[in-house]
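*Asks:* Fold the following.
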Amino acid sequence: MTADTDGVVPQLRELIALRATAQRRGPARHGRHGASGPAASQLRGRGMEYAESREYVAGDDVRHIDWRLTARSGRTHTKLFQAERERLSLIVADTSASLYFGTRVRFKSTQAARAGAVAVWNAIRDGDRVAAVRGSRLEPPVPPASGPRGALRVLDALVRWYAQAPADDQGLASALEAAGRLLRPGSRLIVLADPASVASLPQEVWTRLSAHHDVVVLLLFDVLEETPPEAALAFQSAQHRIELDLADSAQRARWQHVFAEPITQALAQLPGRGVRVQSLRADAPSDAWLPLLGRPQPQVA
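*Replies:* Residues are numbered from 1 along each chain as shown. Below is the predicted model:
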């Protein structure tokens, strides 16, 4: 276990301390879509915000026609845009009950909070605004803000969300739906998720998101899920106890189907949907995934 926490519940002080870890990397990278930071976003889509509409003149881009105003006025209008001054980095937190588990160093939920903190401090270093959202009908998202103040708001939310499984969790699909209401073209999404949550979503969800945003998915898993011993294991929940004989080939195959296959499938399929994806073991360094941001974005087939 770490010096700051027993690994079961994330602590705000440890998430703040990760600032130094996250910001040790080099300058903001210039990828095929341009540089990140406090300038017009060049990641995906236009990276622009709507400013106003005016009447169409010859030479205007027909893709920017304001169809609603055109229909109301009877005259063709086009939309004008202004560059976004700061990119939005949005943390999408899966809070499904399966994350609140671990056998070495820390729970998957604690690693999710720590990886999210690394993402936040990395974004602040690059001049982004940061925000966070989870699947909830009751709790609103953490609104976008920049600087240390914005970072602390998100870190506080991660501590609360990953202290214990929220009773009102609506799933990753709900979290991504809520994320869609915050996003602007060129935003970056960092999705902290259990592999099973990712496997439950239609692949088209990722294609739609990556069409206009830089999408990063971190798959949180425990070493026991990856390489279980060939032995009988007993598990205890608040409601009941279950025993599994993983020396039995049928039960071991079922285990692999539930825990290993979602990771394998996500790593194989998501890059083809334009998504950067990496698995992150609960006992690994929480910044081990940062080199992922330096790789070129995958192209959508």
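*Asks:* So this protein: which segments form each domain?
*Replies:* Per the record, the chain has its domains at 12-32+86-220+281-294, 48-83, by automatic domain parsing.
*Asks:* Distance to residue 268 and mean pLDDT added to these, as JSON lines?
*Replies:* From N, CA and C alone the C-beta is placed, and that goes for glycine too. Output for these, formatted as JSON lines (distance: least, C-beta to C-beta, whole Å; pLDDT from 0 to 100):
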{"stretch": "domain 12-32+86-220+281-294", "distance to residue 268": "11", "mean pLDDT": "93"}
{"stretch": "domain 48-83", "distance to residue 268": "34", "mean pLDDT": "81"}
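*Asks:* now these in TSV, with mean neighbour count and distance to residue 244?
*Replies:* Converted to TSV, these look like this (neighbours: other C-beta atoms under 10 Å; distance: least, C-beta to C-beta, whole Å):
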stretch	mean neighbour count	distance to residue 244
domain 12-32+86-220+281-294	20	14
domain 48-83	13	53
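*Asks:* Next, count neighbours for the closest residue to residue 230 other than its chain neighbours.
*Replies:* Once flanking residues are discounted, residue 230 sits nearest to residue 247: 4.6 Å by C-beta to C-beta, 6 or more residues apart in numbering. Close neighbours of residue 247, defined as other C-beta atoms under 10 Å, add up to 12.
*Asks:* Surely residue 247 and residue 255 touch.
*Replies:* No. Residue 247 is beyond contact range of residue 255, at 11.3 Å (criterion: C-beta atoms under 8 Å).
*Asks:* among the domains of the chain, which is nearest residue 273?
*Replies:* domain 12-32+86-220+281-294 (4.0 Å; C-beta to C-beta).
*Asks:* Let's see the pLDDT reported for residue 45.
*Replies:* Looking at residue 45, its pLDDT stands at 37.
*Asks:* begin at 34 from here
*Replies:* From this message on, residue numbering opens at 34, which makes the last subject residue 78.
*Asks:* Can you list phi and psi of the nearest residue in space to residue 147 that is not next to it in sequence for me?
*Replies:* Leaving aside its sequence neighbours, residue 147 sits nearest to residue 319 (C-beta to C-beta, 6+ apart; 3.8 Å). Taking degrees, to the nearest 10, you get phi -70, psi -10 for the backbone angles of residue 319.
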